[in-house]
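>>> any chance you could fold what I've pasted below:
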Amino acid sequence: MPRFAFAFDPVWRLPLLLLGVSPERAFAEVGEEGLTIRFGPWLLRTPIANVTGTTVTGPYAPWKAIGPHLSLADRGVTFGTNTRKGVCVRFATPVPALAPGGFLPHPGATVTVADIEGLVRALGKPQDT
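Coordinates of the predicted model:
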């Protein structure tokens, strides 16, 4: 079961730690059960069949990418630890992650993992160019 660590920018390590996000508690994992994204206290889980595609994105503005963020434009969630690069994973059926109780599900999740290409390959879904 491949596990992909987040790429932490040293500048943001302490502020993220204050949110409960540390290298030990920030990863994306692809397995038989599906895709699991852990970002400190936040958790996203979905079957691989729900993943419809991926897009490599970045760079980002810090206020839009560092920490957990909700996009007001499309309700997507971002779990960010750097401003350089990430991958947006899109879902057929929106998935809850930020709000408890399944409130406000997200049609996509952007994660700033260290091995972006590895995560894309593990998901086995088409990548937009």
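
>>> now the helices for the protein?
In the chain, the helices defined using DSSP state H lie at 13-18, 62-65, 116-123.

>>> for residue 128, grab the count of nearby residues.
Counted with other C-beta atoms under 10 Å, the neighbours of residue 128 add up to 10. C-beta here means a position set from N, CA and C on the backbone, and glycine is covered the same way.

>>> isn't it up against residue 57?
No - counting by C-beta atoms under 8 Å, residue 57 is not a contact partner of residue 128; they are 9.6 Å apart.

>>> okay, the helices of the chain, which one's buried deepest?
helix 116-123 (a mean of 18; mean count of other C-beta atoms under 10 Å).

>>> from the chain's centroid, how far away is that one?
12 Å (C-alpha atoms, centre = their mean, to the nearest Å).

>>> same check, this time on stretch 104-120
4 Å.

>>> list the buried ones in it?
105-116, 119-120 (16 or more other C-beta atoms under 10 Å).

>>> averaged pLDDT, that stretch. What do you get?
Across stretch 104-120, pLDDT averages out at 96.
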